[in-house]
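Asker: Pasting the sequence and the predicted coordinates here, then a few questions.
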Amino acid sequence: MLDINLIKENLDLVKTAAKNKNISVDLDRLIEIDAERKKMIGKIEVLRSERKKNGEKMQKATEKERKNIAEEGKNIKKKIADLEAKYETIKNEFDELMAKVPTVPSEDTPIGKDSDQNVEVGSWGEKPVFDFKPLTHIELGEKLDLLDLQKGAKVAGYRGYYLKNEAVTLVMGVMLEAINKMINRGYRPFIPPTLVKSFPLFGSGYFKDQEYNSEIDEIYQIASRDKDSTGEISKEKKFLVGTAEPSLLAYFSDEVLKTEELPIKVCGFSQCYRSEIGSYGKDTKGIYRVHEFMKVEQVVICPADHEKAKEIQEEMVGISEELHRDLGLPYRKLQICTGDMSAGKYRAFDLEAWMPGLNRYGETGSASNFADWQARRLNIKYIENGEKKYAFLLNNTALASARTLIAILENYQQKDGSVKVPKILQKYVGKERIDLR
RNA sequence: GGAGAGGUCGCAUAGUGGUCUAGUGCGUCUGACUUGAAAUCAGAUGUGUCGCAAGGCACCCAGGGUUCGAAUCCCUGCCUCUCCGCCA
């Protein structure tokens, strides 16, 4: 969400941003409808004021006058109802358009159509050289009895999977390492709810429009309580989060924070659910793209200062990079181009770990700065010198379970089919190497 | 799952149809008194929105309804608390 006055003042900038982000939104219509909206509010308020005065008249009126005053009141009531109905239509169109308006990306964001035009801005580690053909995590997982995709599909359906044996302690170790790293860096740990109302998701930008749309949004809606026994829609809709970010941000919604409290740094461990509605044909094998996984997420609320936010984003990415290095996973860092950015993002980077079995890099983390776009929707403000401002919100993956597991299995595989356990995880797995059974 | 009680401007409370532009106490801020503090006294003290401004309008959990007029009456939902039942 942007400020309507800001959009008006920077119309060309916003238009260019929408074009570069491949977002279709009629901004001229937005400006037009905003003017209509304001005019309508003015008219309604005059009538409401009349209604109030008419009510006051009634109290002083004689018995004879009352009838006329009541008539007049009914008249005003009708006028207000008519205008309010019209206003609602206008307001709906206004809200729909506003929900689509993108953040203007940072100046250093590369302009591009899609992910092919993301720009590599850093890398670490040597890709391992094998004197044999490296196996995929699917083959390794099966041989070492760590991963069961058949049973996963049988029980959970398409993209279902079981982790077993050392994969369990290994993945839990990864999560705990990430949480402890975050704590050591001053991030407060949370285990947030994963089943949430609609506002945390809308507020964080996970609905492409104003309302949830199961056809395009990658979010699961929980259906069981949508309708009561009579078929009436009664209960509030609930959704499964795709990351801890919405729950963590919504924790601070409707708050006015003190400047001294900022930046607020938190991290969340959660199960993450993704419908993958838009990627039916993609990554159909293995556990690269799955409907549920675990993740440690970092979230920061910082003052509305681009320099400060830039610093913090670097710190956040730095922590993720460090975690990759701790695990010995070669990676590269990409700056995300306009076309690969969602509407709300101001500046974003991805980390991609090298996955030798798949023979490509795979995204293992994504760091985003939304500036004040999410804060406007979630109403997260802070007070500075008596003035209230919307905060800047940033988030980043610390580490996620499934893809980190892929990278570890595929990078640490040995000629004999075994997989070495990264040093920092040995204490969790209880061994240095996972052997064939 | 059953029964009951509730949700009011930071906190606590008052308010059952118009005089509510929501009273009072506490807290907070400013000032006076004081060497300083406490105490006391005086004043101020919610949010959003429209407007250049004067000012208007909205908000008493949320959404509907009744009424000339709703914090107040009615309906629905959400949430909290108490008791019972069930349960990891």
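Answerer: Yep, it's here. Since we're looking at a predicted model, the values are computed, not measured.

Asker: For chain A, which residues are neighbours of RNA strand B?
Answerer: Contact residues, chain A versus RNA strand B (CB under 7 Å from any atom of the strand): A:4, A:38, A:41-42, A:44-46, A:48-49, A:51-52, A:54-55, A:58-59, A:69-70, A:73-74, A:76-77, A:228, A:234-236, A:381, A:388. No exception for glycine: its C-beta is placed from N, CA and C like everyone else's.

Asker: Could you turn the buried ones of those into a ChimeraX selection?
Answerer: Buried members of those, defined by 16 or more other CB atoms under 10 Å, are picked up in ChimeraX with:
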select /A:4,44,51,54,69,73,76,381
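
Asker: I'd like to know which of the residues of chain A next to RNA strand B are part of strands.
Answerer: A:381, A:388 (DSSP state E).

Asker: Now, the residues of chain A next to RNA strand B that are in helices?
Answerer: Members of these lying in helices (criterion: DSSP state H): A:4, A:38, A:41-42, A:44-46, A:48-49, A:51-52, A:54-55, A:58-59, A:69-70, A:73-74, A:76-77.

Asker: Confirm residue A:213 sits in a strand?
Answerer: No - looking at residue A:213 with DSSP: H, G, I helix; E, B strand; the rest coil, it is coil, so not inside a strand.

Asker: In a helix, residue A:88, correct?
Answerer: Yes - under three-state DSSP, residue A:88 sits within a helix.

Asker: Quick check: residue A:90 touching residue A:35?
Answerer: No - counting by CB atoms under 8 Å, residue A:90 stays clear of residue A:35, with 10.1 Å between them.

Asker: More neighbours: these two, which one.
Answerer: For the pair residue A:90 and residue A:35, the greater number of neighbours falls to residue A:90 (17 against 11), based on other CB atoms under 10 Å.

Asker: who touches the more buried one in this structure?
Answerer: A:33, A:36, A:37, A:40 (CB atoms under 8 Å, 6 or more residues apart in numbering).

Asker: next one: residue A:247
Answerer: Residue A:247 sits in contact with A:190, A:192, A:193, A:194, A:196, A:200, A:241, A:268, A:270, where contact means CB under 8 Å, 6+ apart.

Asker: among these, which are in helices?
Answerer: residue A:200.

Asker: neighbour-wise, which of the contacts of residue A:247 leads?
Answerer: Comparing the contacts of residue A:247 on neighbour count, residue A:268 comes out first with 30 neighbours (neighbours: other CB under 10 Å).

Asker: Please export the C-alpha coordinates of stretch A:68-80 as PDB.
Answerer: What follows is stretch A:68-80, C-alpha atoms only, in PDB (Å, rounded to 0.1, in the frame of the first residue of the first chain):
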ATOM      1  CA  ASN A  68     -42.600  17.700  10.100                       C
ATOM      2  CA  ILE A  69     -39.200  17.200  11.700                       C
ATOM      3  CA  ALA A  70     -39.600  13.400  11.600                       C
ATOM      4  CA  GLU A  71     -40.500  13.700   8.000                       C
ATOM      5  CA  GLU A  72     -37.500  15.800   7.300                       C
ATOM      6  CA  GLY A  73     -35.300  13.300   9.200                       C
ATOM      7  CA  LYS A  74     -36.600  10.400   7.000                       C
ATOM      8  CA  ASN A  75     -35.800  12.500   4.000                       C
ATOM      9  CA  ILE A  76     -32.300  13.000   5.100                       C
ATOM     10  CA  LYS A  77     -32.000   9.400   6.000                       C
ATOM     11  CA  LYS A  78     -32.900   8.300   2.500                       C
ATOM     12  CA  LYS A  79     -30.500  10.800   0.900                       C
ATOM     13  CA  ILE A  80     -27.700   9.500   3.100                       C
END
